[in-house]
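Q: my questions are about this predicted structure, shown below with the sequence.
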Amino acid sequence: MIRFSGRLRSALIIGLQGIRSRKLRTLLSMVSLFLGVLAVVVVQAGASIAERAVLADMELYDGFDGTVVMEMGGSSPKVEPIVLDTVAGRSDAVAMTGMQAIIGEPGVRPVNQGGGSFDDSWGGSPMICDEQGNCREQTPAELGPQGQAIELRLTALTGDVRQFRPYRPQAGQWLDFTSVPMMAPRLVLNKEAAKGFDRYKVPAEMRVPGASANMTPQFVGVVDDGDASPRAYVRLDELTQWVPAGKLVDPNMGEVRVLMSSGTPVEQVLTSKLKAVNIEPYVHIVNSREEQESELALMRWIFLAMAGLVLLIGVAGILNVGLATVGERVEEFALRRAVGTPRALLAGIVLAETLITGLLTAALAIGASAAALKALVTLAGDSQPFLQGVEFPWEAGVAGVIAGLVAGVLGGFVPAIRAAGIPIATVMRA
Amino acid sequence: MTALIQLSGITKVLKGQEQPRTILDGVGLEVFPGESIAIVGRSGSGKSTLLSVLGLFDRPDQGTYLLSGNDISRLPERRAAKLRSSHFGFVFQRFFLLKHLTAAQNVAMALVNGQGWLPRRERRARVMQALEQVGIAHLAKNRPARMSGGEQQRVAIARALVREPKILLADEPTGALDTETGALVIDALLGVTAHGCALILVTHDRDHAARMGRVLHLDAGVLTEQVAVGGTA
Ligand SMILES: Nc1ncnc2c1ncn2[C@@H]1O[C@H](COP(=O)(O)OP(=O)(O)O)[C@@H](O)[C@H]1O
Ligand SMILES: [Mg+2]
């Protein structure tokens, strides 16, 4: 016991002595390990942030996982009353009806005719379709003069859809479904629509097909809905004050979709009601995570490979520093053996040196990267929702530490083993 | 008086070449406490090899090696390390100081070697005593790069002495030094025999050899006693 503690103390004393007196060498291997651990942590944190970003985007576009989506074509006039009756007053299902709307000067051609994005120029004349579904290109005379008007997709909601679709607020408010419906319909724009209204000064006058008169909307907020075309969201009950029942779903461009939580009776009821009038709804369940699993797995592997590569470079650096001093160390170890130091203690000295610098450096690197990550999340987490709740990748930190220690031990042991193998006499003869 | 060291029939053969070469050929030698022995001989005659065998760096192929009457001809490395620490001190032509350590740390190295543990204060006292013994206590905090060759060699001697060895082996310790400095180093080495430590010195310098109690001649691995060196030749 006494002998053991004597050796342990000897190893620590000699190890510390080596660290203190060979500052440059120690610093070089510390820098190498520091960068290695830092890089692995950064790469792994990057991977988990990228994964979150991908998932957040998929959720934004498709809705939360588990949401049941039922879609029916808008061509049958029977769809509208059945859907609206069934979801009325329910909190676990929201119906969305879509139609084209034009906001701006009356009697002019919208700047983005067809409702496309403001930056794309699609070229060609838009199509016009009759009640039978026969379409043809519009003639210039029919198009009319281009003027200060914007065409967008107007989505009317029977309830708060954000329990199914995580639209990200950008400005103003989201629709308030608890208040009394207003005569001037409140609109929430998506980012693209907001861009259009920002770019073109258009009067607040809105035309929708089937409406009894033009209405004056109020813009209450902007959200990011993941859509690249201009859209606006409105309470269905505010729209129905202008659009009579039965006209809410445009036979040409209309669509009806119901979002509901899984397990709600609405799905069953709605399906049987629709089947009774010979309409077959299309139902699917949002499952983006699983659908993207292989893509995410591939991404994870790529990041893992990158982290491994980076670590390898760091390890090579440490090994290099260790090997660069082999000659000097071989002599030192032969000398130590000459004065009676057992080989086990030589191993202990190398280990002590490595562990002390390795653990210290790894602690520094992990501390620095954890602090940096925390700062990043605090500073940018509000505007970048996928940064929220990003955790420090501990596995990466641990992997970095282990790899660093292995490299340090190798870098230290290669000369130690060589020194232990060479006869003292040979070294001392030189 | 019993011999400290008794070698008989020590043979060392260098293998690994086309023909095995005998480097030590039936060497016999007795060393008594406090005596000083010079070993002279041409380069390549096997002097360093003999010191390696004596100092337990190397094992003989044949013959017996008794240390204080115990046969240590074939000792496992772990026990050899222990004996090197407790019985032997070494001084080489090259000083083999660790350049990142101070003089005191270089000397302390022989104490902090896992063979027993000394409290810090006692360690320091013994290091300073060893440095004083060779007259360079004032250089304790200097690193080798800032010392002259003679000073460095004396640090190496202090390192050999700090464990109070029973046998001091010196392989051409003055080979890299000028005559005057060399004489100082020999003084320091001879000083230890006063405390009962035996000194075995390999040297090419006739004057240094003449200061030893006995002079042995090594020729092609054969060791013979030389009588009256520098006297009636
Ligand atoms: N490890 C070795 N490799 C090759 N030759 C060696 C080795 N050790 C000793 N020798 C040879 O053994 C002989 C004796 O060497 P050495 O003991 O160093 O002689 P000295 O010290 O008297 O000059 C020399 O011829 C030397 O070349
Ligand atoms: Mg020699």
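A: Right, received. Where do you want to start? Ligands and ions are numbered 1, 2, ... in the order given.

Q: only C-alpha atoms for contact and neighbour calcs from this point on.
A: Fine.

Q: isn't A:Asp250 right up against A:Thr97?
A: No: judged on C-alpha atoms under 8 Å, A:Asp250 makes no contact with A:Thr97 at a distance of 9.2 Å.

Q: and these two? Which one has more around it.
A: Under the criterion of other C-alpha atoms under 10 Å in any protein chain shown, the comparison of A:Asp250 against A:Thr97 puts A:Thr97 first, with 25 against 21.

Q: just say helix, strand or coil for the more buried one.
A: Assigned with DSSP: H, G, I helix; E, B strand; the rest coil, A:Thr97 falls in the strand class.

Q: shouldn't it be in contact with A:Lys247?
A: No: with contact defined as C-alpha under 8 Å, A:Thr97 does not count as touching A:Lys247 (11.0 Å).

Q: show me where pLDDT drops low in chain A?
A: A:1-5, A:73-75, A:120-128, A:138-145, A:251-253, A:381-389, A:407, A:415, A:419, A:430 (pLDDT under 70).

Q: tell me how far B:Trp117 lies from A:Ile13.
A: Distance, B:Trp117 to A:Ile13, using C-alpha to C-alpha, to the nearest Å: 12 Å.

Q: in which helix or strand does B:Leu169 reside?
A: Following DSSP states H and E, the helix or strand that holds B:Leu169 is strand B:167-171.

Q: need the contact list for A:His289.
A: For the record, residue A:289 is Arg, not His. By C-alpha atoms under 8 Å, 6 or more residues apart in numbering or on different chains, the residues touching A:Arg289 are A:Leu55, A:Asp65.

Q: 7 Å instead?
A: By C-alpha atoms under 7 Å, 6 or more residues apart in numbering or on different chains, A:Arg289 lies in contact with A:Leu55.

Q: SS state for it?
A: Classification of A:Arg289 by three-state DSSP places it in helix.

Q: state the distance from it to chain B.
A: Using C-alpha to the nearest C-alpha, to the nearest Å, we find A:Arg289 at a distance of 59 Å from chain B.

Q: and what of A:Arg336?
A: Noted for A:Arg336: a distance of 7 Å to chain B, by C-alpha to the nearest C-alpha.

Q: packing partners of the host helix or strand of that residue?
A: According to DSSP H and E, A:Arg336 maps onto helix A:326-338. Secondary-structure packing of helix A:326-338 (3 or more C-alpha pairs under 7 Å, 6 or more residues apart in numbering or on different chains; DSSP states H and E): helix A:394-421, helix A:424-429.

Q: what's in contact with the shortest one?
A: Put plainly, it is helix A:424-429. Under the criterion C-alpha under 7 Å, 6+ apart, residues A:Glu331, A:Ala334, A:Ala338, B:Ser52, B:Phe57, B:Asp58 lie in contact with helix A:424-429.

Q: could you rerun that using 8 Å?
A: A:Glu331, A:Ala334, A:Leu335, A:Arg337, A:Ala338, B:Ser48, B:Thr49, B:Ser52, B:Phe57, B:Asp58, B:Phe92.

Q: and if you look at stretch B:159-166?
A: For stretch B:159-166, contacts defined as C-alpha under 8 Å, 6+ apart pick out A:339, B:33, B:85-91, B:106-111, B:126-127, B:129-130, B:168, B:196-198.

Q: from those, which land in strands?
A: In this view, the contacts of stretch B:159-166 that belong to strands under DSSP state E are B:Phe88, B:Gly89, B:Phe90, B:Val91, B:Leu168, B:Ala198.

Q: identify the farthest-apart pair in those residues.
A: B:Val91 and B:Ala198 (13.4 Å; C-alpha to C-alpha).

Q: can you tell me what sits against the worst-scoring helix or strand of chain B on mean pLDDT?
A: Across the helices and strands of chain B, mean pLDDT, DSSP states H and E gives its lowest value to strand B:222-226, namely a mean of 86. Taking contacts as C-alpha under 8 Å, 6+ apart, the residues outside strand B:222-226 that touch it are B:Leu24, B:Asp25, B:Gly26, B:Val27, B:Gly28, B:Arg214, B:Val215, B:Leu216, B:His217, B:Leu218.

Q: any idea how far the second one lies from ligand 1?
A: Summarising the geometry, the distance separating B:Asp25 from ligand 1, computed by C-alpha to the nearest ligand atom, to the nearest Å, is 11 Å.
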